[in-house]
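Peer 1: A structural model of the following input is requested.
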Amino acid sequence: MDFSKFQLREEGLIQHFENELTCQQELKIKVARLDWIHTKFGGNKWFKLQPHLDTFSSKKHSSIISFGGPFSNHLFSLAAICNELQIPCVGIIRSSIEVNNPTIEALRKMQMKLVFLPKADFDHFTVSARTGFIEAFNLKDVIGENAFWIELGGEGSLGVQGASLIWPFLLKNHAEQLKSITHTIVSVGTGTTYLGLRQTIPNHIRCIGVSAFKGGEKYVFENEALAPFNKDILNQYAGLGFGKNSSDDLTFYQLLKNQHQLDLDIVYTGKTFKALLNEISLGNIEKGAEVLFVHTGGQQGNPKA
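Peer 2: Residues are numbered from 1 along each chain as shown. Predicted coordinates:
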């Protein structure tokens, strides 16, 4: 698929972060603002979706179906791209009720057909159930004869292939700023972006992942592809659980936005940046290190003031 029609920002994507802690440790933090590449489909999702869209196009599918929660950045990005390319698409939302929030409103505005599934049905949605699902929800007229399915969050080998494009993309215009990087740190949901990054970043750079799930259950501990890297994936920073935040968390995110112009999302990047600062304070990231924090986007799911 030809992606040249999409006007992406490629330069000026590195934001510098400094506070008292980083100065004490003589440590540099650079933030790769993937969320700045495009207002609607910026972030890691743009990269993860590219191989999926190539496959969709080459095999002449009629539509796209995918999954996500009611604040899904994946579905938001997918809907934006499909709307731009006039591809019929369906989003299966993990919710027992038909919720309405700014993300859901945006999905509808971008012409994504939405189906809401309770948690139990959503979590046990097997490949074999797909034909029956299409019939049960009368989706044939929407999706046509040959729908292309993208797994939750764009996970799988195609998603990993897409995420492997992130480092080369950043190097294209920021090689000088990245030449001394000793660590990268990125949020871990399904682990797809983390695995893609590890494919292309140099071996001497330590790649740290921070799980968004309490205790790292499900995706980290059950994902065989992540097993070799478990020592570099931190599972203790999810706080109250996936998508849940304490008042202290929210105050911290607001402080970063107000004082450092660093706008994070409340599901992934906020907790990951908090984890980074804590790891530095514990001495787990050595003095003099240069860390690249990969900002994966997702702020469209934040509560509106």
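Peer 1: all strands for the stretch 101-250 of the chain, in order.
Peer 2: 113-117, 147-150, 183-188, 206-211, 233-234 (DSSP state E, counting those that start in this stretch).
Peer 1: Flag the shaky bits of the chain, pLDDT-wise.
Peer 2: Low-confidence segments of the chain (pLDDT under 70): 216-219, 221, 305.
Peer 1: can you list the domains in it?
Peer 2: For the chain, the structural domains run 14-40+159-301, 44-157, going by automatic domain parsing.
Peer 1: Give me the distance between the two termini of the shortest one.
Peer 2: To tie it back to what came earlier, the one meant is domain 44-157. End-to-end distance of domain 44-157: 15 Å, with C-alpha to C-alpha, to the nearest Å as the criterion.
Peer 1: go on, stretch 273-293?
Peer 2: For stretch 273-293, the end-to-end distance is 8 Å (C-alpha to C-alpha).
Peer 1: Identify whichever of the domains of the chain lies nearest to residue 3.
Peer 2: domain 44-157 (6.7 Å; C-beta to C-beta). The C-beta positions use only the backbone N, C-alpha and C, and glycine is treated the same way.
Peer 1: I'd assumed residue 89 was in contact with residue 112.
Peer 2: Yes - counting by C-beta atoms under 8 Å, residue 112 does reach residue 89; the two are 5.1 Å apart.
Peer 1: ok, back up a step: now mean neighbour count and distance to residue 5 too, for the domains of the chain, in CSV please.
Peer 2: Below are these laid out as CSV (neighbours: other C-beta atoms under 10 Å; distance: least, C-beta to C-beta, whole Å):
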stretch, mean neighbour count, distance to residue 5
domain 14-40+159-301, 18, 12
domain 44-157, 18, 8
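Peer 1: which residue sits closest to residue 190, ignoring its sequence neighbours?
Peer 2: In space, and not counting its chain neighbours, residue 190 is closest to residue 155: 4.0 Å by C-beta to C-beta, 6 or more residues apart in numbering.
Peer 1: gap between residue 247 and residue 254?
Peer 2: 11 Å (C-beta to C-beta, to the nearest Å).
Peer 1: before we move on, back to that, among the strands of the stretch 101-250 of the chain, which is nearest residue 4?
Peer 2: Per C-beta to C-beta, nearest to residue 4 of the strands of the stretch 101-250 of the chain: strand 147-150, 21.7 Å.
Peer 1: what's in contact with that closest one?
Peer 2: Contact with strand 147-150 is made by 49, 52, 55-56, 59, 61-67, 78, 90, 130, 134, as judged by C-beta atoms under 8 Å, 6 or more residues apart in numbering.
Peer 1: so of those residues, which ones are in helices?
Peer 2: 49, 52, 55, 56, 78, 130, 134 (DSSP state H).
Peer 1: Out of those residues, flag the one nearest to residue 151.
Peer 2: residue 52 (9.2 Å).
Peer 1: Can you lay out the strands of the stretch 101-250 of the chain as TSV showing distance to residue 281?
Peer 2: Converted to TSV, those look like this (distance: least, C-beta to C-beta, whole Å):
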stretch	distance to residue 281
strand 113-117	41
strand 147-150	39
strand 183-188	14
strand 206-211	15
strand 233-234	14
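Peer 1: so which of those strands gets nearest residue 45?
Peer 2: Using C-beta to C-beta, those put strand 147-150 closest to residue 45, at 10.7 Å.
Peer 1: The closest one pairs with which strands?
Peer 2: Within its sheet, and counting by DSSP bridges, strand 147-150 is paired with strand 63-68 (parallel).
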